[in-house]
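J.: sequence below, structure please.
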Amino acid sequence: MRAFARAPVRVDPAGGGTDAPPFCVDHGGKVVNFGVRRHVFARAQRLGPGEEILIYSDDLDAGIQARSAAGLPVGGRLELLQGFVRKLLPPGESVLLVTGSEVPPGSGLGGSGALGVSVVAALDRLFGVTRSKDDIAAVANEVERQDLGYPGGSQDSYGAARGGLNLLEYHQGGGMTPRSIEVTEELIREIEESSLLVFTGAAHVSGSIHDDIRSSYHEPSSKTLEAMFELRGEAERMAQALEAGDLEGYARALGGSCRGLYNLHESCDSAEHRAVFDRLEELILAGKTCGAGGGGFLLLCAKPGRREECAAAVAELGAESWPFEFDFEGVSVTEETAWTEEEVGSYRGRITGEAQG
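T.: Modelled structure (predicted):
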């Protein structure tokens, strides 16, 4: 048997950044995020007793081999996957883990969070562990933030695990309560029919941006701290607009969230994104950079009936646009036919050939 899991990436139309410490602990944060129908995948299969651990990323065209989880190195291109295997693989077990993604790296769509969620779900199915979606998200976030020390918040993992529309409320002093935002079918259609995801080709490096924000946060009269409160307020207003079926209120909060994001730190801004906003100013109600900023995707809300004009203008700028569709399923896992010995050998050959090269 081979376990197969997939998790959607997310967009964070309001409140992103307030999920990260120290702000979420000092003051409490709020984030609205949506699961998007673009996915990250993980497949895992047990190997025979005494066999090795094989990890392979189709996206990076890179792999690693070790005799045991303890023998996996720290660091390297597959550090994240290695961290999950070290944490979740039972003693004495061997595994082949293969991952892939429908989004480019540095997209601002929470791809690493979705990757972690899909890997946890696949390994859980393989070794008979049962967790709720929120518990899967918690484990995925624990590996990134605690085990590996990556900076950032937890919203990516929860958006990937839960799917749909979420309000994540972070409590002063610690802890978080996630809840689904209840919206009408009509508003869902309106958002999907008016929205575009736009990729300029300029990726971001979220870790360095989070470091910049954290440094600025502690400065006297910090503009970063002021922007955090602004972002938290926009998330609250957006959740209220969504529940009221108010598309224009949603768009106002989306635009306010983008301004708040750029006010966090200059590294959150992007000349490429500004160029898109300038070109589309007459065609959109609002838009926002996804994730920590500095590059990656934009989420746009077009004026009624003008989405196709937006897509054409984006193409003229040399950028790429994707239609937007909600994913309400969140992480899912199933069982597939096992890889044959020849297929396992093929992955082993790619990995060992790379190491020898």
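
J.: for the rest of this, base every contact and every neighbour count on C-alpha atoms.
T.: Noted.

J.: so who does the nearest residue to residue 34 once chain neighbours are set aside touch?
T.: Distance criterion CA to CA, 6 or more residues apart in numbering; nearest residue to residue 34, sequence neighbours excluded, is residue 165 at 4.6 Å. Counting by CA atoms under 8 Å, 6 or more residues apart in numbering, residue 165 makes contact with 32, 33, 34, 35, 180, 181, 182, 328.

J.: what sits against the first one?
T.: Residue 32 sits next to 12, 13, 14, 15, 16, 165, 166, 167, 168, 235, 238, 239 when contact means CA under 8 Å, 6+ apart.

J.: which residues touch stretch 273-282?
T.: Outside of stretch 273-282, the residues within contact range by CA under 8 Å, 6+ apart are 200, 287, 289, 295, 298, 310, 313, 314, 317.

J.: 7 Å - rerun?
T.: Contacts to stretch 273-282, defined as CA atoms under 7 Å, 6 or more residues apart in numbering, come from residues residue 310.

J.: mind listing what's buried along it?
T.: Applying a neighbour-count criterion of 16 or more other CA atoms under 10 Å, the buried positions in stretch 273-282 are 273, 276, 277, 279, 280.

J.: tell me which of those residues has the lowest pLDDT.
T.: pLDDT is lowest at residue 273 among the buried residues of stretch 273-282; the value there is 89.

J.: so the closest residue to residue 289 other than its chain neighbours: helix, strand or coil?
T.: Beyond its immediate neighbours in the sequence, the residue positioned closest to residue 289 (CA to CA, 6+ apart) is residue 298, lying 4.4 Å away. Each residue gets one of three states, and residue 298 gets strand by DSSP: H, G, I helix; E, B strand; the rest coil.

J.: and residue 298, what is it in contact with?
T.: For residue 298, the contact set (CA under 7 Å, 6+ apart) comprises 197, 198, 199, 287, 288, 289, 290.

J.: now swap in residue 153 and tell me
T.: With contacts defined as CA under 7 Å, 6+ apart, residue 153 is in contact with 19, 20, 21.

J.: any idea how far residue 172 is from the last one?
T.: Right, residue 21. Here the criterion is CA to CA, to the nearest Å. By it, residue 21 lies 10 Å from residue 172.

J.: quick check, nearest of the contacts of residue 32 to residue 101?
T.: For the contacts of residue 32, the closest approach to residue 101 (CA to CA) belongs to residue 12, at 18.8 Å.

J.: for that closest one, which non-adjacent residue is closest in space?
T.: Excluding its sequence neighbours, the residue lying closest to residue 12 (CA to CA, 6+ apart) is residue 33, at 4.3 Å.

J.: could you verify that the one you found is part of a strand?
T.: Yes: when the secondary structure is assigned by three-state DSSP, residue 33 falls within a strand.

J.: so what pairs up with it in the strands?
T.: The partner list for residue 33 in beta bridges (DSSP bridges) reads residue 166.

J.: was I right about it contacting residue 166?
T.: Yes: if you go by CA atoms under 7 Å, residue 33 and residue 166 touch, sitting 5.4 Å apart.
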